[in-house]
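> everything below, folded, please.
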Amino acid sequence: MAQGIESIGLWIAALGTTLIASVSKEGEASKLYVIGTCSAAIGAILSALAATRTVKIRKVVREKLEKRGTFLRAIGFALVAEAKGMPSSIRIAGAFRSIGNAVALLGLELPSSNKKREKLIEEGNVLAVLGGSYEIVEAERPTTRVERIRFYGNILETVGDALSLNIE
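Down below sits the predicted model:
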């Protein structure tokens, strides 16, 4: 059952990230923000696909998808953190999410037998959820359509990431 919840969580996160990316070209967004949100959205979709056990994918391919998805999310959120003209809450959240995904990627690079692997993945995912939570708490009341889509997309992404945590 935990695998199913993890997969559903990642698909919800992918939906949220994709919503944010869909409006990233509108408004005051810089090119770094647009590229970053698109990269993070593609990475979220790859990670969700890798976690979906009902999709028949060889184990080696599944592991590569998971690593590449996490890598794209880490890079994407790093670009969001560096984007000029964006509110500081978005940039700080991007930094937390980028570091979290980098830590999770470090865990994914360890062999399955290594005891630190799952701990690093969990800690990285917690950092990513903290980043999203910070952005939600610090967000000003959204007034425009783009701000509302970003806000609710962030909520979906954060809730999805939280659901995908494999903490027992």
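
> list the buried ones in the worst-scoring helix or strand of the chain on mean pLDDT?
Of all helical and strand segments in the chain, the minimum by mean pLDDT, DSSP states H and E falls on helix 2-22, at a mean of 86. Buried residues in helix 2-22, counted by 16 or more other C-beta atoms under 10 Å: 6-22. Bear in mind the C-beta positions are built from the backbone N, C-alpha and C, glycine included.

> give me the distance from it to the chain's centre.
Between the centre of helix 2-22 and the centre of its chain there are 8 Å (C-alpha atoms, centre = their mean, to the nearest Å).

> now do it: which elements does it pack against?
Applying 3 or more C-beta pairs under 8 Å, 6 or more residues apart in numbering; DSSP states H and E, one finds that helix 2-22 contacts helix 31-51, helix 145-163.

> any idea how far the shortest one is from the chain center?
Relative to the mean C-alpha coordinate of its chain, helix 145-163 is positioned 11 Å out (C-alpha atoms, centre = their mean).

> with just CA atoms, put that helix into CSV.
Extracted in CSV, the C-alpha atoms of helix 145-163 (Å, rounded to 0.1, in the frame of the first residue of the first chain):
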residue,chain,number,x,y,z
ARG,A,145,-5.0,34.3,-12.0
VAL,A,146,-1.3,33.5,-12.4
GLU,A,147,-0.7,34.0,-8.6
ARG,A,148,-3.6,31.7,-7.8
ILE,A,149,-2.4,29.0,-10.1
ARG,A,150,1.1,29.2,-8.6
PHE,A,151,-0.3,29.1,-5.1
TYR,A,152,-2.5,26.1,-5.6
GLY,A,153,0.1,24.4,-7.8
ASN,A,154,2.5,24.8,-4.9
ILE,A,155,0.0,23.3,-2.5
LEU,A,156,-0.5,20.3,-4.7
GLU,A,157,3.2,19.9,-5.2
THR,A,158,3.9,20.1,-1.4
VAL,A,159,1.1,17.8,-0.4
GLY,A,160,2.1,15.3,-3.1
ASP,A,161,5.7,15.4,-2.0
ALA,A,162,4.5,14.9,1.6
LEU,A,163,2.4,11.9,0.6
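
> name the residues of that helix that are buried.
Using 16+ other C-beta under 10 Å as the burial criterion, the residues of helix 145-163 that qualify are 146-147, 149-151, 153-163.

> circling back: to residue 83, which of the helices and strands packed on helix 2-22 lies closest?
Using C-beta to C-beta as the measure, helix 31-51 is the one of those that comes nearest residue 83, at 3.7 Å.

> between that closest one and helix 145-163, how many degrees?
For helix 31-51 against helix 145-163, the angle by axes from the mean of the first three to the mean of the last three C-alpha atoms, to 10 degrees is 40 degrees.
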